[in-house]
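[1] with the input below, show me the fold.
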Amino acid sequence: MGLVILYWSIIIICNIPLYFGFGWVIFNNWGRFFESVRFWLTPDLISAFRGEWAEDYWAEMVMMCWLFLCSASTYATHWVAQTYIL
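    Residues are numbered from 1 along each chain as shown. Model prediction:
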């Protein structure tokens with residue numbers, strides 16, 4: 001079990017520059033990133049009552065794209081390691 005945690009920890013640490021790169025391309029600055037996190041944590045009904053439903057929808061979609069890219073790059077690194085290295 002300890003080796004599995006170590007393996008995934010190494011893969012995630014090696015992908016951190018990619019995570020920041022994806023974030024830089026998608027969000028452009030930290031303000032937009034934190035705004036997306038705020039909308040992601042705010043329930044949709046509250047955003048609708050505040051009149052921010054469209055902004056909430058867009059911010060959540062951008063956040064999901066970023067999370068998908070991060071997950072895909074982590075899986076791709078795992079696949080390459082399993083196929084060609086281990």
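[2] measure the residue positioned nearest the centre of the chain to residue 61 for me?
    The centroid of the chain falls nearest to residue 67 when counting by Cα atoms, centre = their mean (2.5 Å). Plainly put, residue 67 is 11 Å away from residue 61 if you go by Cβ to Cβ, to the nearest Å. Glycine gets a C-beta too; all of them are placed from N, C-alpha and C.
[3] quick one, what contacts residue 63?
    36, 37, 39, 40 (Cβ atoms under 8 Å, 6 or more residues apart in numbering).
[4] whichever of the residues you listed end up buried, select them in PyMOL.
    Buried subset of the contacts of residue 63, written as a PyMOL selection, criterion 16 or more other Cβ atoms under 10 Å:
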select buried, resi 36+39
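[5] from the contacts of residue 63, which two are the most distant?
    37 and 39 (7.5 Å; Cβ to Cβ).
[6] how far is the host helix or strand of residue 20 from where the chain is centred?
    Using DSSP states H and E, the element containing residue 20 is helix 2-27. The chain centroid and the centroid of helix 2-27 are separated by 10 Å, computed with Cα atoms, centre = their mean, to the nearest Å.
[7] and stretch 74-86, by the same measure?
    With Cα atoms, centre = their mean, you get 20 Å for stretch 74-86.
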